[in-house]
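S.K.: let's see this in three dimensions:
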Amino acid sequence: MNHKKREPWIRLSKRDGMTSWKVWSIRIGSIFLALVLGGLVIAMTGVNPFKAYGTIISGSLGKASAIRQTVKIAIPLLGCALAIAPCFKMHFWNIGAEGQITAGAIAASYFALFWADRLPGPSLILVMGLVGAVAGGLWGLIPAFFKARWNTNETLFTLMMNYIVIGIVRWLQGGPWEGRAGSQIIPQFAPNACLPRVFGIHCGWIIVLVLVLLMHIYMTYTKHGYEIAVIGDSINTARYAGMNVGHVMMRTMFLSGAISGLVGFILVSGANGTLNDGVAGGVGFTAITVAWLSQLNAFGMVLISGMLAILEKGAETLQTRLAVPTSISDIITGILLFCMLGCEFFINFRMTFRARKAKKAAAETAADSDESPAKEAVES
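M.R.: Okay, here's the model as predicted:
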């Protein structure tokens, strides 16, 4: 017996293209939907959603001190997103930014703890930044070498390396670098080992803004950026064009790790003033979302990281002023990210329903039958 295969109810097809106004309409609509859904969650706690959103904005941008704290949250997010962008463009899934940040923080902390009395302030800061970048780059180079040489899984490799370097910090906290015996705490850095402040914020914000411009130029206008894009599109095409794919992978991962290591230096020297096992604070994972939402665009990352920083800082005010649990703010952030990521699906794909497809086919058949008598008359 011949069983006719039933047509699926929904078919997905890749969109050929969409006008820019439609794209931005979908993205703005997704943000509005997220705010509505988040408002419903807030309303369940007995708090007015409009008052809650107003509190989030005022708590993160209402005062100069709040703005400074918001910027401090955005700095590592932006820096780390810039770091992983070239890897993701190349389709090398670097999930190890947390470890690369920590590796850079360890190297910078060594000089802050043991060289503060040997080097003047500017020289010490410069050395800390340089060794932090090199340490992060070398830590990122390890999985890239294994990928290029033996085609290992870079996702698992980079993820597992995070836990290794965090374990090293824990050993340092309770061993060679422990301050007071039994405290499990590394001492605070000397003043000359801390980044100077500009407008009340450590100058790390200047460093990452310079990196935004440099990364945009690197990815858009340089030969290296072109090679990264070609490998991301097709490794076979890159090899056919004569590119050394393994070399490009290692070079790009060293750059990614170096920027992450520089972020680690900024965190220990600017934000924390010391080293601990939670120095990265989940930044390496959140930055993945920042990079994807910005479509790997350096300037778009500034907006996305700023938005997430506003939500995080505003959530603290939401808890203190309106007694809303921090878990609610986490839910709101999750809803917002889900909607913003989900809208990209509707931008890139089209859903075709079976009933609509059947009606379209019937209309085409009717049109053909109407045209056939006219064609026969012409032929006769």
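
S.K.: got a list of contacts for stretch 232-250?
M.R.: With Cβ atoms under 8 Å, 6 or more residues apart in numbering as the contact definition, stretch 232-250 has outside contacts at 89-92, 141, 144-145, 147-149, 224, 227-228, 230-231. Glycine gets a C-beta too; all of them are placed from N, C-alpha and C.

S.K.: sorry, that was for stretch 170-189
M.R.: Applying Cβ under 8 Å, 6+ apart, the contact partners of stretch 170-189 are Ile106, Ser109, Ala112, Leu113, Ala116, Val268, Ser269, Gly273, Thr274, Leu275, Asn276, Asp277.

S.K.: pLDDT below threshold where in the chain?
M.R.: By pLDDT under 70, the low-scoring segments of the chain are 1-7, 354-380.

S.K.: mind running it again at 50?
M.R.: Screening the chain residue by residue with the criterion pLDDT under 50, one finds the ranges 378, 380.

S.K.: can you give me the strands in the stretch 101-250 of the chain?
M.R.: With DSSP state E, counting those that start in this stretch applied, the stretch 101-250 of the chain shows strands at 197-198, 201-202, listed in chain order.

S.K.: of the ones you listed, which is nearest Gly46?
M.R.: Between Gly46 and those, the shortest gap by Cβ to Cβ is with strand 201-202, which sits at 36.2 Å.

S.K.: partners of that closest one in the sheet?
M.R.: Sheet pairing for strand 201-202, assigned by DSSP bridges, gives strand 197-198 (antiparallel).

S.K.: how much space between Gly179 and Gly137?
M.R.: Shown here: Gly179 relative to Gly137, a distance of 29 Å by Cβ to Cβ, to the nearest Å.

S.K.: higher neighbour count, those two?
M.R.: Using other Cβ atoms under 10 Å as the criterion, Gly179 and Gly137 rank with Gly137 on top: 23 against 14.

S.K.: quick one, phi psi at Pro176?
M.R.: Taking degrees, to the nearest 10, you get phi -60, psi -30 for the backbone angles of Pro176.

S.K.: count the neighbours of it for me.
M.R.: Here the number of neighbours of Pro176 (other Cβ under 10 Å) works out to 9.

S.K.: now do the helices in this protein.
M.R.: All helices of the chain, identified by DSSP state H, fall at 20-44, 49-61, 64-89, 97-114, 121-150, 154-174, 204-221, 223-233, 235-240, 245-266, 283-293, 298-322, 326-348, 354-379.

S.K.: before we move on, back to that, can you redo the strands of the stretch 101-250 of the chain as TSV with mean neighbour count and distance to Gly264?
M.R.: Supplementary listing: these in TSV, determined by neighbours: other Cβ atoms under 10 Å; distance: least, Cβ to Cβ, whole Å:
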stretch	mean neighbour count	distance to Gly264
strand 197-198	11	19
strand 201-202	20	14
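
S.K.: will you turn those strands into CSV that also has distance to Lys313?
M.R.: Putting those into CSV (distance: least, Cβ to Cβ, whole Å) gives the following:
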stretch, distance to Lys313
strand 197-198, 18
strand 201-202, 13
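
S.K.: before we move on, back to that, deepest of the helices of the chain, which one?
M.R.: Mean neighbours per residue, mean count of other Cβ atoms under 10 Å, is largest over those for helix 97-114, with a mean of 28.

S.K.: dump the helices of the chain to CSV, plus distance to Ala193.
M.R.: Shown next, in CSV, are the helices of the chain (distance: least, Cβ to Cβ, whole Å):
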stretch, distance to Ala193
helix 20-44, 41
helix 49-61, 30
helix 64-89, 18
helix 97-114, 4
helix 121-150, 6
helix 154-174, 16
helix 204-221, 14
helix 223-233, 33
helix 235-240, 43
helix 245-266, 11
helix 283-293, 21
helix 298-322, 26
helix 326-348, 32
helix 354-379, 66
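
S.K.: out of those, which is closest to Pro8?
M.R.: Pro8 sits nearest to helix 354-379 of all the helices of the chain, at 6.9 Å, using Cβ to Cβ.

S.K.: quick revisit: which one of the strands of the stretch 101-250 of the chain lies nearest to Ile75?
M.R.: The closest of the strands of the stretch 101-250 of the chain to Ile75 is strand 201-202. By Cβ to Cβ, the value is 8.1 Å.

S.K.: among the helices of the chain, which is nearest Ile10?
M.R.: Across the helices of the chain, the minimum distance to Ile10, taken as Cβ to Cβ, is reached by helix 354-379, at 7.4 Å.

S.K.: any idea how far Met215 is from Leu296?
M.R.: The separation that Leu296 has from Met215, given Cβ to Cβ, amounts to 10 Å.

S.K.: I'm done for today, thanks for sticking with me.
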